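# sequence first, predicted coordinates after that:
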Amino acid sequence: MKTDDTFNDRLKLKLLSFIPNRTKKNRIYAYLRKGPRLPLENIEHAREKIISLSRKNPAVTFPGSIKDKTAVNEKRHTPIRVYTPPGEGPFPVIIYMHGGGFSIGDLDMADNICRVLSSSTKSVVASVDYALAPEYKFPFALDECFEVIKWIESNSEELQVRMSNLILAGDSAGGNLAAALSLRFHEVNRPMPVYQVLLSPVLDMQTSAEEKLKNMEELVLSRRGMETFYHYYFEETADPADLSASPLFAPESVFAALPATILITAEDDPLSEEAFIYADKLRQAGVRVYHKHYKEIFHDFVTFTGVLDEAEDALAYIAAILTHEQKA
């Protein structure tokens, strides 16, 4: 980032701090209700639009180093962004997958989230720019993320990471990938991560968008948008109830093997109900669950890190749990 860009970001953050959080929320809600929908029928245009919106967010100050790298693996040469906190490693490592319906979004979309997570938890965060649908259908992104984790393990010394303190994290579609990766770890008998951190996750791809949005206002997620994402992600022959797509339907014996879980959900999010069910299944299986539910906020609000108080509070909640674990 150029010096003048850094100055402008700090100025924007300073100006935003003078606007009451309620005012900012009201403006965002007004935009979500009346603003134009992403043109998902033209996926390239939609991607350009979301990238443009992401880059308008002022960057949160990060005291460590940020480096873009390429994780060369069997699936693809995957771009990743590595956030390393100041100090001497090795550090715990958080593998982060951004949201975007498996079809849009990039490393910039989760940049502020990763900056805050790295600095507040004293962990290396590796943000994965996984391949998007419809060009790459299910389960390509999941397989790719698994290969990236193996690449990070092979390069752990250079990256200053401690794989015994591995955390899987993601928002929305990225939360789905994080939860599905935990299932993959169980399937191949790989040591489980110490935590999975799921922010507004998609956990049930079988239930229709219409059913999920019943009695819900269409804000971030619309019926048409969700159906388009589903269409892009799955081949016609794919089964949305496959556990790699819908971790909610894993058997109890598998739930019992899953790592401690941090869940962030929102009141005005049609995906929250499945997250509550998922949390209950984890608890019934004896897994530790930390679940914080936010009132009067929309799906994937954490992407407004640096703008909304709720986003900052959610990340602080996560950091408090993870840092306590590291000290224990």
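Perfect, thanks for sending it. Numbering: from 1, shown residues only.
# please count neighbours and contacts with C-alpha atoms only from this point.
OK.
# ok, the residue nearest to Ala180 when sequence neighbours are not counted to Ile94 distance?
Nearest non-adjacent residue to Ala180, counting by Cα to Cα, 6 or more residues apart in numbering: Ser244, 5.1 Å away. Taking Cα to Cα, to the nearest Å as the measure, Ser244 falls 20 Å from Ile94.
# which one of those two is surrounded by more residues?
Using other Cα atoms under 10 Å as the criterion, Ser244 and Ile94 rank with Ile94 on top: 29 against 25.
# isn't the more buried one up against Met163?
No - judged on Cα atoms under 8 Å, Ile94 makes no contact with Met163 at a distance of 9.5 Å.
# buried sites along stretch 111-123?
By neighbour count on 16 or more other Cα atoms under 10 Å, the buried set for stretch 111-123 is 111-123.
# what about Pro92, helix or strand, and which?
According to DSSP states H and E, Pro92 maps onto strand 91-97.
# strand partners (parallel or antiparallel) of that strand?
Using DSSP bridges, the strands paired with strand 91-97 are strand 124-128 (parallel), strand 161-171 (parallel).
# outside of the helix or strand just after it, which residues touch it?
Counting by DSSP H and E, the element after strand 91-97 in chain order, helix or strand, is helix 111-121. With Cα atoms under 8 Å, 6 or more residues apart in numbering as the test, helix 111-121 has contacts from 59-64, 83-85, 96, 123-125, 127, 302-303, 305-306, 315-316, 319-320, 322-323.
# how about stretch 284-301?
Residues from elsewhere that reach stretch 284-301 (Cα under 8 Å, 6+ apart): 171-172, 199-200, 219-221, 252-253, 255-271, 279, 282-283, 310-311, 314.
# which phi and psi does Ala178 have?
Dihedral pair for Ala178: phi -60, psi -50, per degrees, to the nearest 10.
# I'd say it and Ala169 touch.
Yes - Ala178 is in contact with Ala169 according to Cα under 8 Å; the separation is 5.5 Å.
# re earlier: among the strands paired with strand 91-97, which is the most enclosed?
strand 124-128 (a mean of 29; mean count of other Cα atoms under 10 Å).
# between helix 111-121 and it, find me the angle.
Taking axes from the mean of the first three to the mean of the last three Cα atoms, to 10 degrees, one finds strand 124-128 and helix 111-121 inclined to each other by 160 degrees.
# may I have strand 124-128 exported as PDB, CA atoms only?
Output of strand 124-128 as PDB, limited to C-alpha atoms (Å, rounded to 0.1, in the frame of the first residue of the first chain):
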ATOM      1  CA  VAL A 124      -0.100 -15.900  11.500                       C
ATOM      2  CA  VAL A 125      -3.200 -15.700   9.300                       C
ATOM      3  CA  ALA A 126      -3.100 -17.300   5.800                       C
ATOM      4  CA  SER A 127      -6.000 -16.000   3.700                       C
ATOM      5  CA  VAL A 128      -6.800 -18.300   0.800                       C
END
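# now the element after it, going C-ward?
On the C-terminal side of strand 124-128, the closest following helix or strand by DSSP H and E is helix 140-154.
# now that following helix: mean pLDDT?
Helix 140-154 shows a mean pLDDT of 98.
# what's it packed up against?
Counting contacts by 3 or more Cα pairs under 8 Å, 6 or more residues apart in numbering; DSSP states H and E, helix 140-154 packs against strand 65-72, helix 173-187.
# tell me which residues in the last one are buried?
Judged by neighbour count (16+ other Cα under 10 Å), helix 173-187 contains these buried residues: 173-186.
# just the CA atoms of the helix or strand following it, as PDB, please.
Beyond helix 173-187 in the direction of the C-terminus, DSSP H and E gives the next helix or strand as strand 195-199. Provided in PDB are the C-alpha atoms of strand 195-199 (Å, rounded to 0.1, in the frame of the first residue of the first chain):
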ATOM      1  CA  TYR A 195     -10.700 -24.600  16.700                       C
ATOM      2  CA  GLN A 196     -13.000 -23.800  13.900                       C
ATOM      3  CA  VAL A 197     -14.200 -20.300  13.700                       C
ATOM      4  CA  LEU A 198     -17.400 -19.900  11.700                       C
ATOM      5  CA  LEU A 199     -18.800 -16.400  10.900                       C
END
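# any residues touching the following helix or strand past strand 195-199, and which ones?
Later in the chain than strand 195-199, the nearest helix or strand by DSSP H and E is helix 209-212. Applying Cα under 8 Å, 6+ apart, the contact partners of helix 209-212 are 223, 226-227, 270-271.
# next: stretch 39-57.
Applying Cα under 8 Å, 6+ apart, the external contacts of stretch 39-57 come out as 38, 103-106, 108-109, 225, 228, 304, 306-307.
# where does this structure dip in pLDDT?
Scanning the chain for pLDDT under 70 picks out the ranges 1-17, 325-328.
# please repeat the previous calculation with a cut-off of 50.
Residues of the chain that meet the criterion pLDDT under 50 lie in 1-3.
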